[in-house]
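Asker: All I have is the shape, not the residue letters:
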C-alpha cells in the first residue's frame, strides 16, 4: 500500500492554496556525533513585489508565519508577524524574521509557510523566496520558492507546505524528483548570480515549477513551468520583464548526476512588462526584449 506521503510526491507536484510550491535543500550536511546536527540560524523572506503588478500602488501589509512539521508535531519557527511590503520594481522587499527557538534540522520533516491579508480591498500578486539557513560545521540552506501568489478578499490565505530532508527510499520517482529538484536549484542559483548576461539586470528571480514526472530506468521526462523575472531594456527604457513557459524536458542519469538531453513541446508562453501582459506571435529566446505595451 502506498503511503499518503509517497502517493502525494509521486504525482510530481504539490498544489497548496493558490500557489505551487517548490523546494530543494542545498549542500546537505549530516549530523556529527559531537552535536545534534545543523541548527536553524536564520530565516529570511524576499518578495518580488512587481510580479504580475497588483492593481494598487504603494505598500501592502501581509501576515507571515512559519512552522515546522516533524514527528507528528507542529513546531513554531516564526510567530505570526505583519510585514509592510513596499512595491519596488527594481528592488525586492527582504525581511529577516525572528526565530522563536533554536531548532535542529533533523527534527524537521516539512516546512509550512502561511501568508494572509486582512480586509483586503486590492489584489496582491507576488513571487517569494523563503530561505532557512542552518549552522553547523558549514552552512546548510533550504529554499522554498513560490510563483505568482495571489491574495485578495476572496482568497486572503495562502499556505505552502514543502518537504525538507531526504526523500523516501521506497519510490524511484521520489528519488528522481528530489535529485532533479536539487539540480534545478543549482541552475536557478547560477542564473540569478550570472552577470555575464548583459541583457538581464538585477533583481533576477528564476524558478522552475516541477510538474508530472515519468521515470524509465535512467531516463526521466519532466513537465516544467519556467518563470523568469528580471529588469531589461524595452524600447530603450529599463522595464520589469516577466516571462513563463511550460515545456517537457528529458533528463538522463549519468555518473556525474542528471543531464538534460532534450527540451520540447513548449507551450502556454506568457510575457509581462511592468505587470501588463503583452502578446508575442512567437516566443523569443531568453534575453530577447518584448515590445512595451
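Answerer: That came in fine, so what should we check first? What you are looking at is a predicted structure, and each value in this text was computed from that prediction instead of being measured. Numbering: from 1, shown residues only.

Asker: Can you find which helix in the protein contains the most residues?
Answerer: Across the chain, the helix with the greatest residue count (assigned by DSSP state H) is helix 172-193.

Asker: Could you pull out the buried residues of it?
Answerer: By 16 or more other C-beta atoms under 10 Å, the buried positions in helix 172-193 come out as 173-174, 176-185, 188, 191-192. In short, each C-beta sits where N, CA and C put it, glycine included.

Asker: Just name the closest of those residues to residue 58, please.
Answerer: Top of the list for closeness to residue 58, among these and by C-beta to C-beta, is residue 192 at 27.0 Å.

Asker: pLDDT wise, what is the closest one at?
Answerer: For residue 192, the pLDDT comes out at 83.

Asker: who touches it in this structure?
Answerer: Counting by C-beta atoms under 8 Å, 6 or more residues apart in numbering, residue 192 touches 204, 205, 206.

Asker: From those, which land in helices?
Answerer: Using DSSP H, none of the contacts of residue 192 sit in helices.

Asker: most surrounded residue in the residues you listed?
Answerer: With neighbours taken as other C-beta atoms under 10 Å, the top of the contacts of residue 192 is residue 205, carrying 22 neighbours.

Asker: Thought residue 229 was touching that residue, still the case?
Answerer: Yes. Here residue 205 reaches residue 229: they are 4.2 Å apart, a contact under C-beta atoms under 8 Å.

Asker: which residues are common contacts for these two?
Answerer: 48, 127.

Asker: circling back to that earlier point, from the buried residues of helix 172-193, which is closest to residue 84?
Answerer: residue 192 (25.2 Å).

Asker: Against residue 91, how distant is that closest one?
Answerer: 15 Å (C-beta to C-beta, to the nearest Å).

Asker: Report the secondary structure state of residue 132.
Answerer: Three-state assignment for residue 132 (DSSP: H, G, I helix; E, B strand; the rest coil): strand.

Asker: what's the burial count for it?
Answerer: Around residue 132 there are 27 residues (other C-beta under 10 Å).

Asker: Next one: it from residue 222, what distance?
Answerer: For residue 132, the distance to residue 222 - C-beta to C-beta - is 25 Å.

Asker: Throw the contacts of residue 192 into JSON lines and include pLDDT and distance to residue 251, thanks.
Answerer: Shown next, in JSON lines, are the contacts of residue 192 (pLDDT from 0 to 100; distance: C-beta to C-beta, whole Å):
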{"residue": "204", "pLDDT": "86", "distance to residue 251": "24"}
{"residue": "205", "pLDDT": "87", "distance to residue 251": "23"}
{"residue": "206", "pLDDT": "88", "distance to residue 251": "18"}
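
Asker: name the element the closest residue to residue 246 other than its chain neighbours belongs to?
Answerer: Among residues not flanking residue 246 along the chain, residue 268 sits closest, at 4.5 Å (C-beta to C-beta, 6 or more residues apart in numbering). Here residue 268, judged by DSSP states H and E, is contained in strand 257-273.

Asker: so what strands line up beside that strand?
Answerer: strand 237-254 (antiparallel), strand 276-278 (antiparallel) (DSSP bridges).

Asker: any idea of the angle that strand forms with helix 172-193?
Answerer: Counting by axes from the mean of the first three to the mean of the last three C-alpha atoms, to 10 degrees, strand 257-273 lies at 60 degrees to helix 172-193.

Asker: Report the buried residues of strand 257-273.
Answerer: Applying 16+ other C-beta under 10 Å to strand 257-273 flags 258, 270, 271, 272, 273 as buried.

Asker: repeat for stretch 194-212
Answerer: Buried residues in stretch 194-212 (16+ other C-beta under 10 Å): 200, 203, 204, 205, 206, 207, 208, 209, 210.

Asker: Repeat that for stretch 81-89.
Answerer: 83, 85, 87.

Asker: Which residues does residue 125 form beta bridges with?
Answerer: Bridge pairing for residue 125 - DSSP bridges - gives residue 150.

Asker: For the strands paired with strand 257-273, give me a markdown table that also has mean pLDDT and mean neighbour count.
Answerer: Compiled in a markdown table, the strands paired with strand 257-273 are given as follows (pLDDT from 0 to 100; neighbours: other C-beta atoms under 10 Å):
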| stretch | mean pLDDT | mean neighbour count |
| --- | --- | --- |
| strand 237-254 | 91 | 18 |
| strand 276-278 | 84 | 14 |
